[in-house]
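A.B. asks: Here is my input, please return the structure:
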Amino acid sequence: MKYWLCFLSLLVLNVHLHSKPIESYSQAKNHSHRFIENKGQIDILDSTFQRDIIAYVQQENLTIYIHRSGLVYQFDKPVLPIRQQSSFPLIQTNLNEQQDTTFPIETHRVDMNILGANLNSNVLFESKSTDYIQYYNKNVLDVFKYQRIVIQNIYPNINWILTFKNGVLKHEFEVKKGGNSNLIRMEYFGQNAIKITEEGDLHIQTTLGEIKEEKPISFQGERPIRSKFDLKDNLLTIKFLEEYDLRQDIIIDPNIIWSTYSGRANIPTSSILDNSGNSIVCGSTISTTFVAAAGHQMTYGGNIDNMISKYNSNGSRIWATYYGGSSYEDEWIQNNLAIDSWDNIYFCSGTRSTNNISYNGFQNVKPITTNFSNYLLKLNKNGIRKWATY
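C.D. replies: Prediction:
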C-alpha cells in the first residue's frame, strides 16, 4: 500500500506545524525550487512567537517555512522498524493480504530569527508560476508558487529578499540609502552545533541534516565589498572589512545550502564516488514526493522502493530516481554500488515486486518459487536504465 506523508503531523520544540493538507496539482508536482504561498493551508500555533507562515519550500526531507522575521528549517524522517531475521519488511503469511503499518516520524527543527524585525512589513511575491495547487480539504484554492519573495523594510530602509538562482536558495539583505546594516542580527536555536568554518561559511548541524550559509558576498553596484559573518554564541551578524559609500545601496548576498540525510522518508545505505568526484547515494524510501528528479523512474512504485541519487562535489543534486515495483524492495543491503570507467552505475538489491524491475536482462521474470529475489541494475551516468535482471 502507499503511505501518504502529507497527513503526518510536525511537532517540534513545543510548536505545532499542522499536517500538510491534501494537494491536487494543476500541472507538475515538482516545486522544490519555488516558494509556495501559505493562503491558510498551513497553520502555525506558536504561543512563543505567534508569527504567521507566509510561504514555504520543500526539498527532500527538509521544509523551510518563511515568516516575516525569519526562517524555520524542519527536517523529518520516518523511523522504520528494525527486523532481526529478515532484511525485508512486513513478512506476510498470506501474500494476498495487505498490512497497515504506520511509521513514526523523527523531526528536527532549527529557527533563524531576525532580531528586531518589523512584524508588519509588506510582502511582495514575484515571478508567479503558471501552475497551481488546490487544497480541497482546507477549502484553499489556486495556490501559486513564486520564484522570489521581498519582505520590505524588515528594518528601516532594509529589504529582506528570498529567491532561487540556478537552483540555489539565496536570502539577501538590500540596504537602501539611509539603512543601517548594523541592525541586521540573526539568532539561531534548536541546532546541535553551530560554527563559522575556516572558509567563512556558517555551518549548522542537526540530527537529520546540515545547513550551510556560504560566506556573504556583498556588492555596491558592480563593486564587491569584502564582508564576513561574525558569530557569538548563537547570534550571527555581518561585518564589513572595508568602507563603502553610505549614500548608495548595498546588497548582502549569502547562499543557503542544505545537506539532508537523503530524503523526506529515506534510508541511505551505501555511497560511492564516480570518476569525476560526484557522489552516488542509494537506499530506500516510502516517500511519494520530492525523491525523483530527471532519473529513470519518476513515480513511486509502492510500499518501499529503492532510490538512487547523484550529487556533485558541492552537494547539489544532479538527478535522483526511484527504483521499484508495487511490492517491497530491500532497504538494508549495504555496499551494493559499483562504478565502471564510463561512470555507469551498478546497483543490486532485493525485491518482492514482479513489475518495474527487469528490463533487457538475463532473467526478466521473477522466480515463482521464492518470495524474495535479488536483482541487478545498470544505469548510465545520467540515471537512465540500461538493463536490469532478476
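A.B. asks: Tell me which residue is most central in this structure.
C.D. replies: In the chain, the centroid-proximal residue (CA atoms, centre = their mean) is residue 59; its distance is 2.5 Å.
A.B. asks: partners of it in the sheet?
C.D. replies: Using DSSP bridges, the beta-bridge partners of residue 59 come out as residue 62.
A.B. asks: While we're on it, how confident is the model there?
C.D. replies: In this model, residue 59 is scored at 72, pLDDT.
A.B. asks: List the strands paired with the host helix or strand of residue 237, with their directions.
C.D. replies: Using DSSP states H and E, residue 237 maps to strand 235-240. Strand 235-240 has the following sheet partners, assigned by DSSP bridges: strand 185-189 (antiparallel), strand 227-232 (antiparallel).
A.B. asks: which residues sit against the last one?
C.D. replies: Residues external to strand 227-232 that are found in contact with it (CB atoms under 8 Å, 6 or more residues apart in numbering): 194-196, 200-202, 213, 215-218, 236-241, 252, 254. Heads up, the C-betas are built off the backbone N, CA and C, glycines and all.
A.B. asks: my read: residue 70 touches residue 117, true?
C.D. replies: Yes. Taking contacts as CB atoms under 8 Å, residue 70 lies within contact range of residue 117: 7.3 Å.
A.B. asks: If you count surrounding residues, which of those two has more?
C.D. replies: A count of neighbours by other CB atoms under 10 Å puts residue 117 above the other of residue 70 and residue 117, at 23 against 20.
A.B. asks: Can you verify that one is assigned to a strand?
C.D. replies: No. Using DSSP: H, G, I helix; E, B strand; the rest coil, the assignment for residue 117 is coil, not a strand.
A.B. asks: Now do the same contact list for it.
C.D. replies: For residue 117, the contact set (CB under 8 Å, 6+ apart) comprises 68-70, 154-155, 160.
A.B. asks: hmm, back to that, strands paired with the helix or strand just after the strand holding residue 237, and their directions?
C.D. replies: Later in the chain than strand 235-240, the nearest helix or strand by DSSP H and E is strand 250-252. Take DSSP bridges as the rule and strand 250-252 pairs in its sheet with strand 168-175 (antiparallel), strand 218-220 (antiparallel).
A.B. asks: Need the residues that contact strand 250-252.
C.D. replies: Everything outside strand 250-252 that qualifies as a contact, by CB under 8 Å, 6+ apart, is 172-175, 181, 184, 216, 218-220, 225, 227, 238, 244.
A.B. asks: Try it again at 7 Å.
C.D. replies: 172-175, 216, 218-220, 225, 227, 238, 244 (CB atoms under 7 Å, 6 or more residues apart in numbering).
A.B. asks: burial of the residue nearest to residue 362 when sequence neighbours are not counted, as a residue count?
C.D. replies: Closest residue to residue 362 apart from its sequence neighbours, by CB to CB, 6 or more residues apart in numbering: residue 389 at 4.5 Å. Number of residues near residue 389 (other CB under 10 Å) recorded here: 16.
A.B. asks: What score does residue 389 have for pLDDT?
C.D. replies: pLDDT, residue 389: 88.
A.B. asks: Let me see the contact set for it.
C.D. replies: The contact partners of residue 389, by CB under 7 Å, 6+ apart, come to 358, 361-364, 375-376.
A.B. asks: Turn those into JSON lines, including secondary structure.
C.D. replies: Formatted as JSON lines, these follow (three-state DSSP):
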{"residue": "358", "secondary structure": "coil"}
{"residue": "361", "secondary structure": "coil"}
{"residue": "362", "secondary structure": "coil"}
{"residue": "363", "secondary structure": "coil"}
{"residue": "364", "secondary structure": "coil"}
{"residue": "375", "secondary structure": "strand"}
{"residue": "376", "secondary structure": "strand"}
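A.B. asks: tell me, how many neighbours does the nearest residue to residue 351 once chain neighbours are set aside end up with?
C.D. replies: Ranked by CB to CB, 6+ apart and with sequence neighbours excluded, the top spatial neighbour of residue 351 is residue 329, at 4.9 Å. As a burial measure, residue 329 scores 29 neighbours (other CB under 10 Å).
A.B. asks: try residue 40
C.D. replies: Residues within reach of residue 40, counting by other CB under 10 Å, total 13.
A.B. asks: By mean pLDDT, which helix or strand of this protein comes out lowest?
C.D. replies: Within the chain, confidence by mean pLDDT, DSSP states H and E is lowest for strand 10-12 among all helices and strands, at a mean of 29.
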